[in-house]
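*Asks:* Sequence and predicted model, in that order:
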Amino acid sequence: MYPIAWFDIVEIIPSEKLSFTFSGLTIPGEISNNLCVKAYKLLKEDFSIPNCSIHLHKMIPMGAGIGGGSANAAVILKGLNEVFKLGITTLQLKEYASQLGSDCAFFIDSVPQIATGRGEQLVQSTFSLKGYWIKLVNIGIHISTKDAFQNVSFVENKKTIKTILENTPIETLGSEIQNSFEPYVFKIHPKLKEIKEQLIKEGAVYAAMSGSGSTIYGIFKQEPTPDFNIKKSTFFEKILRLEF
C-alpha cells in the first residue's frame, strides 16, 4: 500500500452536540454509517471527549478503491487524539483503526507498507517511487467488492510481494505483479481495460487497477499529460508527483 497526495479535508470543533456535515462531492447513505462518525464514537467509548462538530470536504471519489473513506477515519482518530490530548500511542491508534476497516490502519503512518492479514498487519517497506508521477483515472463505475472477491483469479507466485517490490526495477514490475481482480472486472467493464492499455501507450512504466476497482492508475517517469478525452460528469483524473 502506497500513500499519494490526494486529499479530503476534515475539520473537528468541540460543540454542544455531535454533528456531521459535508461539502464537495455528495456523500450517500446515513450519517451514522459514515466512517468519520464511527471513528468518533469508537474513541468516545473509551475516553471522556466532548461532543464535536465534524465537517468533511470531500474531494476523493467514493468507491474508487483508493482508501478515501478509510483515510478520513484514520485522520479523525489522530485528530481527536491530538486535539484532546488523549495520549493514545501510534500502535493503539492502529488497533482502533483496524476496528473500522481493513485498510484504515495504513493511514495512521501513511508510508509505503506491506499489508497482510485483512490489511491490518503492516510492515514498512523500503520500496520507493519518489520522483515518479502517478496518473489516476476513475470514470464512475461502481464495482461490487463482494462480487470482485467471489470472482478473483489468483496467480501463483513463489516470491512474496515484499521480495518482488524491493528487488525488481519498476520498468519490469508488470511482469512480476498483476492485480488478481482485473480479469473479472475487465471482463464485465472492458472500458477499464482500455484505460489501462491507454496509460501504457502514454508511457506508463507500470499500470494497474487499484484494489478491487475501479480506479486505474499508471506510474510515469515524467509528468504525464492530462485529459483522457472521456466526457462524463463522474470522470475524475488526478496527476501527482510521488514523494515516498
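*Replies:* Thanks, I have it. Keep in mind it's a predicted model, so treat the numbers as computed, not measured. Numbering: from 1, shown residues only.
*Asks:* Tell me the first helix or strand C-terminal of the biggest helix by length in the chain.
*Replies:* Ranked by number of residues, the top helix in the chain under DSSP state H is helix 68-83. Downstream of helix 68-83, the next assigned helix or strand under DSSP states H and E is helix 90-100.
*Asks:* Need the contact partners of that next one.
*Replies:* 35, 38-39, 42-43, 70, 73-74, 77-78, 81, 88, 104-105, 107-109, 118, 120, 122 (CB atoms under 8 Å, 6 or more residues apart in numbering). (C-beta placed from N, C-alpha, C; glycine too.)
*Asks:* Could you do stretch 71-87 as well?
*Replies:* Against stretch 71-87 from outside (CB under 8 Å, 6+ apart): 8, 10, 12, 14, 35-36, 38-40, 42-43, 47, 49-50, 52, 54, 56, 60, 88, 93, 96-97, 100-101, 104-108, 110.
*Asks:* For the chain, which segments are assigned as strands?
*Replies:* Using DSSP state E, the strands of the chain run over 9-14, 19-24, 52-58, 113-116, 121-124, 133-138, 206-209, 216-220, 236-241.
*Asks:* Redo these as TSV? Include distance to residue 150 and mean pLDDT.
*Replies:* Listed next are the strands of the chain as TSV, based on distance: least, CB to CB, whole Å; pLDDT from 0 to 100:
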stretch	distance to residue 150	mean pLDDT
strand 9-14	33	95
strand 19-24	32	95
strand 52-58	29	96
strand 113-116	21	92
strand 121-124	23	91
strand 133-138	23	96
strand 206-209	17	96
strand 216-220	21	97
strand 236-241	27	93
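*Asks:* which of these sits most buried?
*Replies:* Mean neighbour count (mean count of other CB atoms under 10 Å) peaks for strand 216-220 among these, with a mean of 24.
*Asks:* now that strand and strand 133-138, what's the angle there?
*Replies:* 170 degrees (axes from the mean of the first three to the mean of the last three CA atoms, to 10 degrees).
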